[in-house]
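1. Structure for this input, please:
(one chain, ligands or ions: 2)
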Amino acid sequence: LGQEPSSHLTPSRSEPGRMCLRSLPGAPEGGHEALGVSGGGGRLACRVRSACMHILRVCARVCLAQDPADGGPAISITCLLGCCTYEERRLPGLRPAEPGDFTKRAFQNGKLDLTEAEGLGDLIHAETEAQRRQALRQMEGELGQLYRRWSQELTQARASAPWAVSRVCPLPQPARVALELRGHLQDGRRGERLRGGVHVVIAGPPNAGKSSLLNLLCQRPAAIVSPVPGTTRDVVETTLNVGGYPVVLSDTAGLRDARDPVEREGVSRARDRLQQADLVLAVLDAAELAPQPGRLAGALQAVLPPSPPPRPCLLVLNKTDLLAEQSRGALQEACTGGSLPPTCLLSCMTGEGTAALLHLLSGQLQHICGDPLVGSPSLTQTRHRLHLISCLDALGRYHRGRGGDLALAAEELRLARRHLGRITGQVGAEDILDIVFRDFCIGK
Ligand SMILES: Nc1nc2c(ncn2[C@@H]2O[C@H](COP(=O)(O)OP(=O)(O)OP(=O)(O)O)[C@@H](O)[C@H]2O)c(=O)[nH]1
Ligand SMILES: [Mg+2]
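-> Ligands and ions are numbered 1, 2, ... in the order given. Predicted structure coming up:
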């Protein structure tokens, strides 16, 4: 997986027209047939992934303790097979998928916890190690358990009778749930960022080497580089795996008062992108600033987005290959002043300083995303956040209305409970079907 998928596949001898996996280290003779990847055609990669689902059930818990090989998608068949025992591989559960198999499994026992199902979907799509860990944790059901506990508390509150008692002696459950819920929502969107990728935006004046930096980090000429200031107009976006964290990296137009209308539009797009950044990589030309290092702070200020909240930022002083040893020292001294963000001296031309930049970058990413295995489980989906906010609103209305019409207050509790139910899938068959068809029906 992650390489050429067809290299893992070979036509099945027993069933012409079907493909099966080969060259899986340690697979028992004929055992790979059991993974049966059906059909040919252009969607082999998807089908290999759907074959993963079979072994996932057996191995998910085991592979939590196991690191997959660096780079590439976080879930690989060899990794999964490598960490299950010979007996597990021979389990009768490993068989070719029938049409509709995953849908059936999703509805096992007529019950589906949507958060767990979404975790499974995320696991299949995980591209980096941290995403894989987060998805596994969600699949283990911790998030669902938390929401179900809140649901039960609200159900208990609704069941408490007589309602009149609540005027005198307020029910403890709604207040407790609201408090916990507020804390859960104030997570700096860690889980969602980890799931969708941290938005890192490269910004700076024209010709500072922003596009060169994007190309250096993604190791391919994704953006045009030229000595003409104002070369980049549109936002150029690429995805990266930095230290196990997913990154959506954007190169932007050089920030200046442009006369050319096309460039002006580019600068406006760059500013928009900066407003959405989780982390800014501010690139300045070290050779230009070296004669007057005191200008550093002002030059950086012109790059950062004007409106709060303040964004985490790394300062990259590029083109250090053009510096004399003396001015490099002066620049380094100016950077240690304290008022500047973490700074890195870099030459995109020679690659000097790349390791230090990656080290700083992964430190920031770790800070932004946190460790998905530590602390209480994070919110991973915007869908959950919206329902939780609505739940909190309903609890707020319940508290305000408690002294008035009790029937209305009871209705607010019901609504709050309903929003939690929509996250875990206890209500809303439409939602369940959406998830099943979006995340499970890949080729099957
Ligand atoms: N000497 C030297 N030149 C560099 C370095 N990085 C970039 N350059 C050169 O600087 C020029 C501008 O580089 P770009 O990467 O296009 O700069 P940019 O910031 O994207 O410029 P705009 O898109 O116009 O805003 C090119 O000629 C690059 O070859 C470096 O580390 N050292
Ligand atoms: Mg550029």
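2. just checking, Leu240 touches Gln219?
-> No. The pair Leu240 / Gln219 is not scored as a contact, 9.1 Å apart, by C-beta atoms under 8 Å. Placement of C-beta: from N, CA and C, glycine included.
3. Looking at the stretch 301-444 of the chain, what residue ends up closest to ligand 2?
-> Cys348 (11.2 Å; C-beta to the ion).
4. Who has more neighbours out of Leu240 and Gln219?
-> More crowded of Leu240 and Gln219, by other C-beta atoms under 10 Å: Leu240, with 19 against 9.
5. Need phi/psi at the residue of the stretch 251-400 of the chain found nearest ligand 2.
-> Ligand 2 sits closest to Asp251 of the stretch 251-400 of the chain, with a gap of 5.9 Å, by C-beta to the ion. When read as degrees, to the nearest 10, the backbone of Asp251 gives phi -100, psi 140.
6. how deep is it tucked in, by neighbour count?
-> 29.
7. wait, it sits on Ala223?
-> Yes. Using C-beta under 8 Å, Asp251 is in contact with Ala223, at 4.8 Å.
8. Overlap of the contact sets of those two?
-> Here Asp251 and Ala223 share the contacting residues 211, 214, 232, 236, scored by C-beta atoms under 8 Å, 6 or more residues apart in numbering.
9. mind checking the SS state of the third one?
-> Secondary structure, DSSP: H, G, I helix; E, B strand; the rest coil: Thr232 is coil.
10. Near ligand 1, which residues of the stretch 251-400 of the chain are found?
-> 253-254, 318-319, 321-322, 347-349 (C-beta under 6 Å from any ligand atom).
11. Equivalent analysis for the stretch 101-250 of the chain, please.
-> For the stretch 101-250 of the chain, the residues in contact with ligand 1 (C-beta under 6 Å from any ligand atom) are 206-212, 225-227, 229-232.
12. same thing but 5 Å
-> Contact residues, the stretch 101-250 of the chain versus ligand 1 (C-beta under 5 Å from any ligand atom): 206-212, 225, 227, 229-232.
13. Filter the residues you listed to keep only those in contact with ligand 2.
-> For ligand 2, the contacts drawn from these by C-beta under 5 Å from the ion are 210-211, 231-232.
14. quick one: which of these has the most company?
-> Result: Lys210 is most packed of these (other C-beta under 10 Å), 32 neighbours.
15. residue contacts, that one?
-> 202-204, 232, 251-252, 254, 283.
16. Narrow those to those in helices?
-> Assignment to helices by DSSP state H places none of those there.
17. Please identify which of those residues is nearest to Leu179.
-> Set against Leu179, the nearest of those by C-beta to C-beta is Ala203 (39.0 Å).
18. Pretty sure the closest one sits against Ala282.
-> Yes. Between Ala203 and Ala282 there is a contact under C-beta under 8 Å: 6.0 Å.
19. who touches both of these two?
-> Val303.
20. What mean pLDDT does stretch 153-162 get?
-> For stretch 153-162, mean pLDDT rounds to 70.
21. now do stretch 396-416
-> Averaged across stretch 396-416, pLDDT comes to 80.
22. again, but for stretch 277-290
-> Stretch 277-290 shows an average pLDDT of 94 in the prediction.
23. Tabulate the CA atom coordinates of it in PDB.
-> What follows is stretch 277-290, C-alpha atoms only, in PDB (Å, rounded to 0.1, in the frame of the first residue of the first chain):
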ATOM      1  CA  ALA A 277      -3.700  29.000   9.200                       C
ATOM      2  CA  ASP A 278      -3.000  26.700  12.200                       C
ATOM      3  CA  LEU A 279       0.700  27.500  11.900                       C
ATOM      4  CA  VAL A 280       2.500  30.200   9.900                       C
ATOM      5  CA  LEU A 281       5.900  29.600   8.400                       C
ATOM      6  CA  ALA A 282       7.100  33.200   7.900                       C
ATOM      7  CA  VAL A 283       9.900  33.300   5.300                       C
ATOM      8  CA  LEU A 284      12.200  36.300   5.100                       C
ATOM      9  CA  ASP A 285      15.300  36.900   3.000                       C
ATOM     10  CA  ALA A 286      18.300  36.600   5.400                       C
ATOM     11  CA  ALA A 287      20.700  38.200   2.900                       C
ATOM     12  CA  GLU A 288      18.500  41.300   2.600                       C
ATOM     13  CA  LEU A 289      18.100  41.700   6.400                       C
ATOM     14  CA  ALA A 290      21.600  40.900   7.400                       C
END
